[in-house]
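# Structure for this input, please:
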Amino acid sequence: MGFAITYLFFMIPTYLWRMVFVSVVLDKGVQQTDISAMSVNVCLLINYIILILITYYRAKKINRSYLTTFPLLGGVFDCFLGFIPFIPTIMNILAIVLGAQEQQNRIDALSAQNKIDQLEKLQSLKEKGVLTQDEFDKQKKELLSLHEKISKDRDNETSKTSIFNIISSMLITFVVFVFIIAFASYNGNFQEDNLWIGILLSAIIYSLIALKMKTQKYDAWYCQHPAGVFFGIVLLWLIAFPIYTYAFLQIKGKNVLLKEKDK
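I've put the predicted structure just below:
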């Protein structure tokens, strides 16, 4: 949870700098564009350096060296390849989701406890004379090897599922985004009121889905109370909408554990 909050804290300004740039151009004219663009890119670069450092230290802690790749690619697209909103957003959400390991730690703890229980049973059988020392050593080695293989397979499967659901959530977000912009630009004139109507409708629909799924009962930072889903989408649509879409896909695929008190 701490990693996700810290990452979001430095990720959100990457969107705000672009808003500042657009505001300056509208207020002061096109002649300020080059200066404003340079200033925005410098601020973006600083932000992404911080995000890379955050993921670097997180990667060392959870043994996922590839984690720094996501903010690095996001920064390249955002700073040097023009403003492409969805590519940096995809990269940042990948970094957040794959870097937040609270639930995975719980799964690992349960697996470790299961391994300890099985080793204790083997030890008990050896002490009772059912197993010889050689048989005990052989079965212990096989047991440890099996648990290591299961752990690696589970980690690989979890990563693949997470990446697939993130990509799916971004595709859904893109479709909804296009629909909202089309609705706001009805009759060829962009209307801010229609934009907010689209945002509010998506927030209401998602809060109802969260209410039906009871998202607050799941043990993951991105599974929030329906009220949190509503206000998150209204305040930060481009960030919150794909995250909550990902949460719904994870819950539907039974890839999220219930909180202990809700089991």
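# what's the neighbour count on the closest residue to V176 other than its chain neighbours?
In this structure, V176 finds its nearest non-sequential neighbour in S202, 6.1 Å apart by Cβ to Cβ, 6 or more residues apart in numbering. Every C-beta, even on glycine, is put in place using the N, C-alpha and C of the backbone. Residues lying near S202 (other Cβ atoms under 10 Å) number 22.
# pretty sure S202 is in a helix, no?
Yes - according to DSSP: H, G, I helix; E, B strand; the rest coil, S202 belongs to a helix.
# Pull the contacting residues for it.
For S202, the contact set (Cβ atoms under 8 Å, 6 or more residues apart in numbering) comprises V176, I180, I233, W237, F241.
# Please render those residues as a markdown table that adds distance to F9, neighbour count and secondary structure to the earlier fields.
Formatted as a markdown table, these follow (distance: Cβ to Cβ, whole Å; neighbours: other Cβ atoms under 10 Å; DSSP: H, G, I helix; E, B strand; the rest coil):
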| residue | distance to F9 | neighbour count | secondary structure |
| --- | --- | --- | --- |
| V176 | 26 | 19 | helix |
| I180 | 26 | 20 | helix |
| I233 | 19 | 23 | helix |
| W237 | 18 | 19 | helix |
| F241 | 19 | 25 | helix |
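# now, among the residues you listed, which is nearest to S124?
Distance to S124, by Cβ to Cβ, is smallest for F241 among the contacts of S202, at 53.4 Å.
# Sketch out the low-pLDDT regions of this protein for me.
Applying pLDDT under 70 to the chain picks out residues 1, 19-37, 82-85, 101-115, 146-159, 260-263.
# With distance to A227 as extra columns, can I get the contacts of S202 in JSON lines?
Shown next, in JSON lines, are those (distance: Cβ to Cβ, whole Å):
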{"residue": "V176", "distance to A227": "21"}
{"residue": "I180", "distance to A227": "22"}
{"residue": "I233", "distance to A227": "11"}
{"residue": "W237", "distance to A227": "16"}
{"residue": "F241", "distance to A227": "16"}
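# State the pair within the residues you listed that is farthest apart.
The largest separation in these, counting by Cβ to Cβ, is between I180 and I233 at 11.3 Å.
# overlap in contacts of these two?
Counting by Cβ under 8 Å, 6+ apart, the residues touching both I180 and I233 are I199, S202.
# of the contacts of S202, closest to I12?
Checking these against I12 by Cβ to Cβ gives W237 as the nearest, at 12.3 Å.
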